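Visitor: Structure, please.
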Amino acid sequence: MNCELLATCSALGYLEGDIYHKEPDCLESVKDLIRYLRHEDESRDVRRQLGAAQILQSDLLPILTQHRQDKPLFDAVIRLMVNLTQPALLCFGSVPKDPSVRHHFLQVLTHLQTYKEAFASEKTFGVLSETLYELLQLGWEDRQEEDNLLIERILLLVRNILHVPADLEQEKRIDDDASIHDRLLWAIHLSGMDDLLLFLSSSSAEQQWSLHVLEIVSLMFRDQNPEQLAGVGQGRLAQERSTDMAELEVLRQREMAEKRTRALQRSNRHSRFGGSYIVQGLKSIGERDVIFHKGLHNLRNYSSDLGKQPRRVPKRRQAAQELSVHRRSALNVRLFLRDFCSEFLENCYNPLMGAVKDHLLRERAQQHDETYYMWALAFFMAFNRAASFRPGFVSETLSVRTFHFVEQNLTNYYEMMLTDRKEAASWARRMHLALKAYQELLATVNEMDICPDEAVRESSRIIKNNIFYMMEYRELFLALFRKFDERFHPRSFLRDLVETTHLFLKMLERFCRSRGNLMVQNKRKKRKKKKKVQDQGVAPGNVSHSPGELETLWPALEEQLLRCAQDPEFRTDSIIPFDAASEVPVEEQRVEAMVRIQDSLLAGQAPQALGLLRSAREVWPEGNVFGSPVTSPGEEMQLLKQILLAPLPRQQEPIEGDADEEEEEEEEEEEELQVVQVSEKEFNFLDYLKRFACSTIVRAYVLLLRSYRQNSAHTNHCVAKMLHRLAHDLGMEALLFQLSLFCLFNQLLSDPAAGAYKELVTFAKYILGKFFALAAVNQKAFVELLFWKNTAVVREMTQGYGSVDSGSSNHRAAAWSPEEEAQLQELYLAHKDVEGQDVVGTILAHLKTVPRTRRQVIHHLVQMGLADSVKDFQRKGTQIVLWTEDQELELQRLYEEFQGSDDVLGHIMKNITAKRSRARIVDKLLALGLVSERRQLYKKRRKKLAPSCMPNGDASLKGSWQEDPEEEEEHLPEEESEEEEEEDLEAEPVQGSSFLSAGNLGQSLRQEGLSAPLLWLQNCLIRAADDRQEGGCSQAIPLVPLTEENEDAMENGQFQHLLRKLGIRPPIPGQETFWRIPAKWSSTQLRRVAISLNQQEEEEREEEPELHPGAPVEHHPSEEHSPSEEHSPSEEHRPSEEHSPSEEHRPSKEHRAKALRALLSARKKKAGRVSPEVTSEEETSGDKEWKRVSKKRELLDSDEEGAEGRGQAPELRTPVLHKKKRFQIQDDDDDD
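Guide: Next comes the predicted model:
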C-alpha cells in the first residue's frame, strides 16, 4: 500500500474487541480518503489498495455503527462508503478487453463481493434504517439540503450493495439454501428497511426518490421468479407435482435405454481379435468401400467425423451466453419477499409507476432508467396474475399508452443494436427486458378476458381493439424474428419471443372469430422517384449565368490558366478530384468532378480548376473525357472553356412547385422518397399468417426446437403450434422440408423418452409423411432438402417447376429458351461494336420474345460469357455531357425539320446520331435559344372527333370537350403527359355515338326498375355543372348514395357499366370509396352527359304521347334537364295507394313533372331570382338560362325530401315546397 494511504488509514482509529476507538484526526482522514479516490488513476489503484486492506470491514463499518452520534463523521463515512461500493462497470466503463486492465477489474469486483458479505448484518442496516427514518420524519419545511443529500446517499449505498453480482463458483449454493444475497435481504427485513421503502413508494411527498426506490426493489428481486414466488406457502400444486413426475419419468426412460444399449454392446465371449468388416455402399476416400475394424455392435456409432478436430468457432460468431440466473432462495426469505410483493402491489405499485413514468417522459431520469420501469412492469404484473388476479392493482400500466411506450422502446433498442455494433450485447439485453414487459402486458389482457367482471372484460376488449388495429403492433414480431441474431440474443430471448408470438396470434385469432370482420390500419410506403434537377450553369450559391456572361468571364480566366499551365512549379499532388467518403463509387463521380471544375472557374479559382482537370485525367483516363495524357495547354484551355459553358447536371434542394419540371430518363440518378400512405382494410388472419412463412422465421423456430429436451412443455407446444400453422393451415409443408430439421426429427423419433413429446412426434411423422408422398412424384425433392426455401420455391416443388414463371409478372422472370439465347447472341454480336449506340437498348427493341427488362438482358449476357461484367453496360453519361459544334448543328437542323410536327422532341430523339436523354436535348434547345420554354416541345394531342360525329353536327361541342394540350400539360413533365394522355382521354365524357349507347343503356336500366337512381345521377351531374359554372370549382366530386336503393344501384354491374360509358371515374382501390365526377369536365359537358341519360325516353314520349291520357303535361327541355331532378317523387319510393298495380314498378310521369317543377321553383327562390309569388305557369317556363346560387360545398339531398314530396305531389295542383335536409360531404380527392 502507498505510504501516504497507509498513514491515512492508520489515523482513522483502531478496534479493540468489539469497541472501535477513533483517532482525533478521524474525520480529516476520512476526507483525505475521499480526496484520494477522487484523483485515482484509470487502474483504480486507490480502490484496490483500500479493498485489499479491508478498510471498510475493519474501520468504516465499526465507525458507522458505533459513532452514529457524530453527524459530520457519519456523513463523511457514508460518502466514502458510497464511493467505495460503486459498481465495477461504472468505474471502468465496460468490461475491459486488455488482460492487465481486466485483472484490475476482477480485483475490484472481488473486493465488492467481500463488501457485500460484510454488509449482511442486521446491526449495519439497523443504523441505516434508523437514520433514514429520522430524516423522513422531518417535514419538507424543516428538511435541510444536507438532509436530502444524506437520504440520497443512504439509498445509493443500499443500491450499490444490492447491485454486487454473486460469485456462484465461490458460494456454490444450491436451491433453498441461504446465499449472501439472501442474508442481505433478511438483514433488510429485520432492520425495517423494507417498510421504509414501501413508505417512499407510496408517499406522494417523496416522489423525488421514486427512481432510487424502484432500482433497489428491482435488485432485491433480481434472482426471483414471480410465478414461483406467488405460490410460496400454499403447498405444492397438483400441476407442479405432475411436471416433476414427468421429468423424472423422462430421466428414468433415458437411463433404462442407456442400460439396454450397454448390454447389447457386450459380447457373449471375449475375442482377442475384433475382426475387420467391409461396409458395402459406404465409400471411403477412394473408390472402395469402407473397412470397419471394430465389432459389429459399434457399427451404429460409426461416423466419418470420428477422430477429427472440431472446427473452432471465432469469438465474434459464438452464441450469446445466458446472464440471468434464477434460483430458489431460502423459504423464510421467499415468504418475506412474497409478503413484500403483495403489499407493494396493493399500496405502492400504481403511484410509484406513475411517478417513474412522469420522470421518464419529462426526461428527469438518467440514461436507460426506463429498463427498471419495464422490469417492474413485467415482474409485478406476472406476480399479480399468478397470485390472485386483481386488475385494479396494476391499472396504472394497463393501458394502450403503456403498450405504445414499451413498443417504442423495443423498436428503438433493436434499431440501436443494428447501428451501435460495439454495444450490441447491451442493447440486446435491454431489448429482452422490453420484450418481457410486452409479453406480460399481453398475458394480463388475455387474463382479463376470463375475468367474471363484465367491466374488466369490456376494458380488455377495448385494449385489444386498439392493439390489433394499429399496424405497428402486428409488424413488431415479424421485425424481431427477422432481426434475431444468435450472437447477441441468448436462447432465453428466442424462447420469450416465440411464446409471446404464440400468445399474440392466439388472441388475434380468437378476436377475429368473435368479431366476424375486423378493420385494421394499413400503412404502405410508396416510393417516389425524385429526379435530380438540372440547371444550366448554376454557380455556387445557386446563381445562374447566361451564356453571354460566361463569355465575358472567360478572357480573365484564360490568362490565369495560361500562367498556371506555364508555371513549372505548379503541382496537382494535393488535389483529389473525388470524394473517398461518398457512397457513390469513384467510377461514377466523374460528373461531380466536372461540376467542381466548373464551380472553381465560376469562383475565379483558375489554379484549382486546372489542378482538378489534370487530377481527374489521371483518375479517369478512359474515353479521354478530361483530355488525353498528351494534351497541350491550348487544348486544355479549350476543354476548360467547354466545361465552363456546358449546362452540367446539378443536384439542388427540391422546391415546392417544381414538380412541373421535365422528368429525366432511367440513366439519371434517382432518389427514393418514401411517403407513408395510411388506409383501412379488412383484416384476414391467414394473410397475416403468411407473413411468417419465410425461411428466416422458420430457421429461428428450428433453432429453438433443437433444445427440445431443455425446453418446457409450453415452449415446445408454441414451436409445434406455429410450425403446424405454416404447414397445415397455409398448406406449406414443403417449407419445412429441410435436412437439418429432418435430422432433428430423426433424433426426436429415436429418443427413448419420445413418449414425453407426443405433440412433437406426431408433427414430425406428419411432415415426413408429406415429404415422402411428394418425393414419389417429384424426385428433385431430395435435392431441395439441402436448402431453405421461400414460398415461390414451395409452390414450384408442389405444383411443378416453371409454374411460377407463367404466373404474374411480380414473380421471377421466365427462363431463357435456346432460341431466345441464340437471338440474344446474334443481336449482341451485331451491335456491340457500333460507336455511340446503346447496345442493350437496341437489343430490347429487336427482341421479339417474352418482354425482358434491361437488367435481365445484361445479367444473361454476363451468364452466357458474352460480357465480362455488368459494369460494361453502365451508361456513361459524362462522356457526352459536352456538345460538339457538329452535334449542335445537327440538333438545330433536326429541330427546323420537325418543328411543325406533333411530336418534335420524339422525332429529334429518333433521328439524332449521338443518343442523349430527353432532358439533355431539352436543355440544349433552351440554351441555343431555339425554344423559349419547355412546353413548346410537348407532344400535341390529336382531336378525336370531327364535327360530323357530334349530335346535330355541333362542332362547338367538340371544341369545348377538346382541351388545350398546353393548358393541360403546362404543369406536367413530358413523359408524364405522354403516359397519362390515354387515361385523360378515357376520363372525358362520352361523345357522339356514345350518347346514344348511354341512352339505350339508361332505358334498359329504367325497365329494370332503376329509374330513381338514374334521376339521382342526373341531378348530381346538373348540380356539379351549376357549381362549376358560377363557383369555378374544379375538384373531383364524389357520388355519395344516401339511400339503400342508390347504394344497390352503385353495386349493380350494368349501372357501373353505364358510369364507365359516361366517363365517371371509379374509386381507386384501397384509397377511395365513391365514384367521382372528373375534375376536368366543364359545366357544358356535364349538362350534355345529363341530357344523354334522357334521350331515349324523350324519343318514346314523342312516339307514345297516349301513355297517360289523363295527365297531359307539356314537356320542355328545361324541365327535363332541370337541376331539381335529384329527388323527384318517383325516386326511392313505394307507390302510393292511388296507383294502379301496373304502375307499381314504373314512376308516374305526371308526378315526376310536378316534382320537377316544384324543386326547380325552390331552387330559383333560394337564388333570389324568382319571387315567392311566382305562378305555376312561370315555374314551368323553360326559356330562361340556367342559374344557380353559388355554393362552397358539395351538398347532397337526403331521402327525407323524396318522402315529403311523395305524400303531397299527387294531390296538390300547386307544388308545395318543403325544406330539404342536406348533408355535407367533404371531398378529400386531393388526399387520395
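Visitor: residues contacting Ala734?
Guide: By CB atoms under 8 Å, 6 or more residues apart in numbering, the contact set of Ala734 is Lys770, Leu774, Ala781, Glu784, Lys789, Val793, Val794, Met797, Thr798. For glycine as for every other residue, the C-beta is placed from the backbone atoms N, C-alpha and C.
Visitor: For Tyr701, see how far away it is.
Guide: 16 Å (CB to CB, to the nearest Å).
Visitor: pLDDT for the contacts of Ala734 - can I get that in JSON lines?
Guide: Below are the contacts of Ala734 laid out as JSON lines (pLDDT from 0 to 100):
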{"residue": "Lys770", "pLDDT": "93"}
{"residue": "Leu774", "pLDDT": "93"}
{"residue": "Ala781", "pLDDT": "91"}
{"residue": "Glu784", "pLDDT": "92"}
{"residue": "Lys789", "pLDDT": "91"}
{"residue": "Val793", "pLDDT": "89"}
{"residue": "Val794", "pLDDT": "90"}
{"residue": "Met797", "pLDDT": "88"}
{"residue": "Thr798", "pLDDT": "88"}
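Visitor: out of those residues, who's nearest Glu821?
Guide: Val793 (24.0 Å; CB to CB).
Visitor: Surely that closest one is in contact with Ala781?
Guide: No. Using CB atoms under 8 Å, Val793 makes no contact with Ala781, being 11.2 Å away.
Visitor: Point out where the stretch 51-200 of the chain drops to low pLDDT.
Guide: For the stretch 51-200 of the chain, the stretches with pLDDT under 70 are 172.
Visitor: again, only this time at 90
Guide: Applying pLDDT under 90 to the predicted model, the residue ranges of the stretch 51-200 of the chain that meet it are 67-68, 90-98, 121, 138-144, 166-181.
Visitor: Which parts of it are helices?
Guide: Ranges of helices in the stretch 51-200 of the chain, per DSSP state H, counting those that start in this stretch, are 55, 61-66, 71-84, 88-92, 99-119, 122-137, 145-163, 168-171, 180-191, 193-202.
Visitor: Next: the stretch 651-800 of the chain.
Guide: 685-690, 695-705, 713-724, 739-749, 758-775, 781-784, 791-799.
Visitor: chain center to the longest one: distance?
Guide: To tie it back to what came earlier, the one meant is helix 758-775. Offset of helix 758-775 from its chain centre (CA atoms, centre = their mean, to the nearest Å): 36 Å.
Visitor: now swap in the third one and tell me
Guide: If you compare the mean C-alpha spot of helix 713-724 with that of the full chain, they lie 27 Å apart, counting by CA atoms, centre = their mean.
Visitor: Residues in contact with it: which ones?
Guide: Contacts of helix 713-724 (CB under 8 Å, 6+ apart): 243, 246, 495, 498-499, 501-502, 505, 692, 698, 701, 704-705, 708, 711, 736, 757, 759-760, 763.
Visitor: I'd like to know which of the contacts of Ala734 is nearest to Glu122.
Guide: Lys789 (64.1 Å).
Visitor: ok, the closest one - contacts?
Guide: Ser695, Ala734, Leu735, Phe737, Gln738, Met797.
Visitor: quick one: which two of the residues you listed are the most distant?
Guide: Ser695 and Met797, at 13.8 Å, using CB to CB across these.
Visitor: out of the two, which sits in the busier spot?
Guide: Met797 (21 against 16; other CB atoms under 10 Å).
Visitor: Roughly how far does the closest residue to the more buried one other than its chain neighbours sit from Ala616?
Guide: Leaving aside its sequence neighbours, Met797 sits nearest to Ala734 (CB to CB, 6 or more residues apart in numbering; 4.8 Å). For Ala734, the distance to Ala616 (CB to CB) stands at 55 Å.
Visitor: In PyMOL, how would I select the buried members of the contacts of helix 713-724?
Guide: Burial among those is assessed by 16 or more other CB atoms under 10 Å; the matching PyMOL selection reads:
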select buried, resi 495+498+499+501+502+505+692+698+701+704+705+708+711+736+757+760+763
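Visitor: If you count neighbours, what's buried in the longest helix seen in the chain?
Guide: In the chain, with assignment by DSSP state H, the single longest helix is helix 238-265. Within helix 238-265, the residues that qualify as buried are Val250, Gln253, counting by 16+ other CB under 10 Å.
Visitor: So for Ala263, which of the helices of the stretch 651-800 of the chain sits nearest?
Guide: helix 739-749 (22.1 Å).
Visitor: got the CA positions of stretch 906-916 in CSV?
Guide: Extracted in CSV, the C-alpha atoms of stretch 906-916 (Å, rounded to 0.1, in the frame of the first residue of the first chain):
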residue,chain,number,x,y,z
GLY,A,906,-39.7,12.4,-80.2
HIS,A,907,-38.6,12.8,-83.8
ILE,A,908,-35.4,14.5,-82.7
MET,A,909,-34.6,11.7,-80.3
LYS,A,910,-35.2,9.1,-83.0
ASN,A,911,-33.0,10.7,-85.6
ILE,A,912,-30.2,12.2,-83.6
THR,A,913,-26.8,10.5,-84.1
ALA,A,914,-25.4,10.7,-80.5
LYS,A,915,-28.1,9.3,-78.3
ARG,A,916,-28.9,11.5,-75.3
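Visitor: So what touches it?
Guide: 836-838, 841, 880, 887, 890-891, 894-895, 897-898, 901, 918, 921, 939.
Visitor: Just the buried ones out of those, please.
Guide: Using 16+ other CB under 10 Å, the buried ones in those are Asp838, Ile880, Gln887, Glu890, Leu891, Leu894, Tyr895, Phe898, Arg918, Ile921, Lys939.
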